[in-house]
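[1] need a 3D model of the following:
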Amino acid sequence: MDNKNLDFLSKISDILTHDIDTLGLSDELKSTLSTFIGIKNLKLYIYDNITNTMRDCLDSWCIIEEDEELYKAFENIKEHDFIINSKAYKLPATISDITLKINSLYMPILKNEKVFGLIELSFEENTAVNMEFLFLMKIVASQVSLKLQNIVLNEQSKINVEFHDSMKNIAKIIETQYELNYIVPIIGEMLDRFITDHLIYVFLKQDNEFKLVWPKACKDERIYDILTQLTPETEYLLTNNDKIGAFPLISEEGEITGCIVARSTLDVLSKRDISYLEQLTRQSAITINRANSYSKILQYATIDALTNLNNRRQFELRLGQEIATTKRQKNSLCAMMIDIDFFKKVNDTYGHASGDAVLRGVASIIKSALRESDIPSRYGGEEFAILLPYTHIQEAQIVGERLRKAVEASPIPINDENSDVKSINVTISMGLAEFNNKETGEELFERADKALYEAKESGRNRICVNND
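    Numbering: from 1, shown residues only. Model prediction:
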């Protein structure tokens, strides 16, 4: 072997020692090969035994379903060394003087002497190769095979780590949250982040019907059809093309309490995806069942476990009492609704532990900014409701502005060892309304909520008043 060939193999070996992904590997190989021969393109494919399909290593491991030549080459190369210009060849025992004009070349990617993928090369027009080049490429294919095995293994290890993190995070939610309207969207987001190739929908069963809880809309009627077929004995259901899977949430009593649905217009659900989804659904069901049980226990409690403010049930009791007192004594009463601005972004960026710290921090600022006679409550999620007895709307605006400025000026400490940040700054939006003696407590807070919506729509970090 001459010095040119040895230099070429040395450069290939250097590439394969780098910490590199499949896209970087392809680019480096193509660049090095281009200095040696007229090459147009280089692609890498791995055969997925679970779905019996070829996957494009350079395009997010996407399944390639309609490429007859590729699948034919994969079958033919099992008994040969190369596919050259769509024809299979075995190398002779010794190098001969034969020269071939070449347009395309497939080389096997081997694992334990079995073909588990292909390297595809396309060449510039009128490119010719000799036997020495083919022997050289056989060595290259062998080296690349080892590198790709490591890359695929690392990718799988990464997925497994992410899977166990998702399981752990879903289990941890119940430590600080028990409201289904709050925890189910968090579970949906975690599943969506992990099962990236499929859209995730979370349904809960209410009044004997499946209600979509996350995300906000589902327009695929096939999903609603498959939900009607679920029974408590169902492990999971797939549509005929295996692109939609329904995984029921089962209670401790063996009843269906909801369903997680994975849907794709491209990839089928592989056996691996199904296995992950089954386990994630079981963990989600456990968390939701605990939340239901915890909620029943706490329905007689008065304090929100996370913020130490009144919980929503206690707030509703106090609202009825204050409305009755205000009517009897003909006093003034104001309602305040507060929402933490861009709270979802806090959760997505810093994690839910940091989100809980923000909720606690804002609750603490609210308590410190109010009078003893005021009644602050956690209304749900990142919303707070406050009753201000003996207060006119002008006074409520002063209190609200003092509170808004206090939150804006106070970095909230994040005592989370897994977080890179020590504190987070947030702002709040606020809606105010004054009781008019003709409305119910619910109507009063509906007006405050409308004012809150206006504050958020008009730019956030501000106060709006409903004077209707």
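[2] what's the pLDDT at residue 417?
    Note for residue 417: predicted pLDDT of 68.
[3] over to residue 231?
    92.
[4] burial count for it?
    8 (other CB atoms under 10 Å). (Glycine included, C-beta is placed from N, CA and C.)
[5] centroid-nearest residue for this structure?
    Geometric centre of the chain, nearest residue: residue 193, 1.6 Å, by CA atoms, centre = their mean.
[6] distance of it relative to residue 165?
    Applying CB to CB, to the nearest Å, the value for residue 193 to residue 165 is 10 Å.
[7] helix or strand: which one has residue 420?
    Using DSSP states H and E, residue 420 is not contained in any helix or strand.
[8] distance of it from residue 356?
    17 Å.
[9] likewise for residue 237?
    Taking CB to CB, one finds residue 237 at 35 Å from residue 356.
[10] with residue 215 instead?
    Separation of residue 215 from residue 356 (CB to CB) stands at 22 Å.
[11] next: residue 349.
    Distance from residue 349 to residue 356, by CB to CB: 14 Å.
[12] neighbour count: these two, which is higher?
    In this view residue 349 and residue 356 are compared by other CB under 10 Å, and residue 356 has more residues nearby, 19 against 12.
[13] my guess is that one meets residue 306, correct?
    Yes - using CB atoms under 8 Å, residue 356 is in contact with residue 306, at 6.1 Å.
[14] look at residue 75 and say how many residues are nearby.
    By the criterion of other CB under 10 Å, residue 75 has 10 neighbours.
[15] count the neighbours of the residue nearest to residue 190 when sequence neighbours are not counted for me.
    When the adjacent residues along the chain are set aside, residue 190 lies closest to residue 166, with 5.3 Å between them (CB to CB, 6 or more residues apart in numbering). With neighbours defined by other CB under 10 Å, the count for residue 166 comes to 21.
[16] for residue 166, what are its contacts?
    190, 191, 193, 194, 280 (CB atoms under 8 Å, 6 or more residues apart in numbering).
[17] quick one: it is in a strand?
    No - counting by DSSP: H, G, I helix; E, B strand; the rest coil, residue 166 is not part of a strand but helix.
[18] I'd like the average pLDDT over the helix or strand that contains residue 323.
    Assigned by DSSP H and E, residue 323 falls within helix 312-329. Mean pLDDT, helix 312-329: 89.
[19] what's the answer for stretch 278-285, then?
    Rounded mean pLDDT across stretch 278-285 is 88.
[20] how about stretch 78-90?
    Mean predicted confidence for stretch 78-90 is 89.
[21] in that stretch, which residues are buried?
    For stretch 78-90, the neighbour count (16 or more other CB atoms under 10 Å) marks 80, 81, 82, 83, 84, 88, 89 as buried.
[22] next one: the third one from residue 119, what distance?
    As defined by CB to CB, residue 82 lies at a distance of 10 Å from residue 119.
[23] name the residue most distant from the centre of the chain?
    Largest separation from the mean C-alpha position in the chain: residue 97, at 56.8 Å (CA atoms, centre = their mean).
[24] wasn't the residue nearest to the centre of the chain part of a strand?
    No - according to three-state DSSP, residue 193 belongs to no strand; its state is helix.
[25] grab the nearest non-local neighbour of it.
    residue 166 (7.6 Å).
[26] and if you look at residue 185?
    Per CB to CB, 6+ apart, closest to residue 185 is residue 214, 4.6 Å.
[27] can you pull the contacts of residue 304?
    Contacts of residue 304 (CB under 8 Å, 6+ apart): 310, 311, 312, 377, 378.
[28] sec struct for the fourth one, please.
    Read it as residue 377. From three-state DSSP, the assignment for residue 377 is strand.
[29] where along this structure do the helices fall?
    With DSSP state H, the ranges of helices along the chain come out as 3-17, 22-34, 68-76, 131-173, 180-194, 221-227, 271-298, 312-329, 343-350, 352-369, 393-408, 441-457.
[30] surely the residue farthest from the centre of the chain and residue 132 touch.
    No - using CB under 8 Å, residue 97 is not in contact with residue 132, being 9.6 Å away.
[31] name the residues contacting each of the two.
    Counting by CB under 8 Å, 6+ apart, nothing touches both residue 97 and residue 132.
[32] ok, back up a step: and the buried residues of stretch 78-90, which of them are in strands?
    82, 83, 84, 88, 89 (DSSP state E).
[33] any chance of those in a markdown table, plus distance to residue 425?
    Supplementary listing: those in a markdown table, determined by distance: CB to CB, whole Å:
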| residue | distance to residue 425 |
| --- | --- |
| 82 | 62 |
| 83 | 60 |
| 84 | 63 |
| 88 | 65 |
| 89 | 66 |
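[34] what are the structural domain limits within the protein?
    For the chain, the structural domains run 3-155, 174-298, 312-466, going by automatic domain parsing.
[35] ok so, going back, closest to residue 62 out of the helices of the chain?
    In terms of CB to CB, the element of those nearest to residue 62 is helix 22-34, at 12.2 Å.
[36] so what secondary structure elements neighbour that closest one?
    Helix 22-34 sits against helix 3-17, strand 39-48, helix 131-173, with contacts defined as 3 or more CB pairs under 8 Å, 6 or more residues apart in numbering; DSSP states H and E.
[37] repeat that with 10 Å
    Contact partners of helix 22-34 among helices and strands, from 3 or more CB pairs under 10 Å, 6 or more residues apart in numbering; DSSP states H and E: helix 3-17, strand 39-48, strand 114-130, helix 131-173.
[38] and the second one, C-alpha only, in CSV?
    In other words, strand 39-48. C-alpha atoms of strand 39-48 as CSV (Å, rounded to 0.1, in the frame of the first residue of the first chain):
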residue,chain,number,x,y,z
ILE,A,39,-17.4,12.4,-4.3
LYS,A,40,-20.8,14.1,-4.4
ASN,A,41,-22.5,12.9,-1.3
LEU,A,42,-22.2,10.5,1.7
LYS,A,43,-25.1,9.1,3.7
LEU,A,44,-25.4,6.7,6.7
TYR,A,45,-28.3,4.4,7.4
ILE,A,46,-29.0,2.0,10.3
TYR,A,47,-31.5,-0.8,10.1
ASP,A,48,-34.1,-0.8,12.9
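[39] pLDDT weak spots in the protein?
    In the predicted model, the chain carries pLDDT under 70 at residues 1-2, 50-51, 60, 153, 155-163, 173-179, 295-300, 417-419.
[40] now do the contacts for the closest residue to residue 141 other than its chain neighbours.
    Leaving aside its sequence neighbours, residue 141 sits nearest to residue 107 (CB to CB, 6+ apart; 4.0 Å). Shown in contact with residue 107 (CB atoms under 10 Å, 6 or more residues apart in numbering): 73, 77, 81-84, 115, 117-121, 134, 137-138, 140-142, 144-145.
[41] right, I'll leave it there.
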